[in-house]
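Enquirer: attaching a predicted model along with its sequence, questions to come.
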Amino acid sequence: MLALRPNCECCDRDLPPESDQARICTFECTFCADCVDTRLGGRCPNCGGAFVPRPIRPPAMLARFPASTERVVKPHAPCAA
């Protein structure tokens, strides 16, 4: 099951579970659409994989299986500026 991380690893923007701006790679690295498009060139700086929109968990399932609260921010070269 997806962790639904709460923020962009690049700019630390909040990405709540219902956000349509969250993007993930196959390892669940999580970034906002803006960073993916403008800073990362559509490739994950961690694994080199492509991004897809993160699915939105239905509210009833979110209540049973809550999103992660652990924030991850990494100082990637394109994000450090």
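Expert: Structure received. Numbering: from 1, shown residues only.

Enquirer: state the mean pLDDT of stretch 16-32.
Expert: The average pLDDT for stretch 16-32 rounds to 97.

Enquirer: gap between the two ends of that stretch?
Expert: 11 Å (C-alpha to C-alpha, to the nearest Å).

Enquirer: run through the strands of the chain in chain order.
Expert: With DSSP state E as the criterion, the chain has strands at 22-24, 30-32, 52-53.

Enquirer: which one of those strands is the most hemmed in?
Expert: strand 30-32 (a mean of 26; mean count of other C-beta atoms under 10 Å). Placement of C-beta: from N, CA and C, glycine included.

Enquirer: identify all contacting residues around that one.
Expert: Contacts of strand 30-32 with the rest of the structure, by C-beta atoms under 8 Å, 6 or more residues apart in numbering, involve 5, 7-11, 13, 15, 21-24, 40, 44, 51, 54, 72.

Enquirer: give me the buried subset of those.
Expert: 5, 7-10, 13, 15, 21-24, 40, 44, 51, 54 (16 or more other C-beta atoms under 10 Å).

Enquirer: pLDDT weak spots in the chain?
Expert: Applying pLDDT under 70 to the chain flags residues 81.
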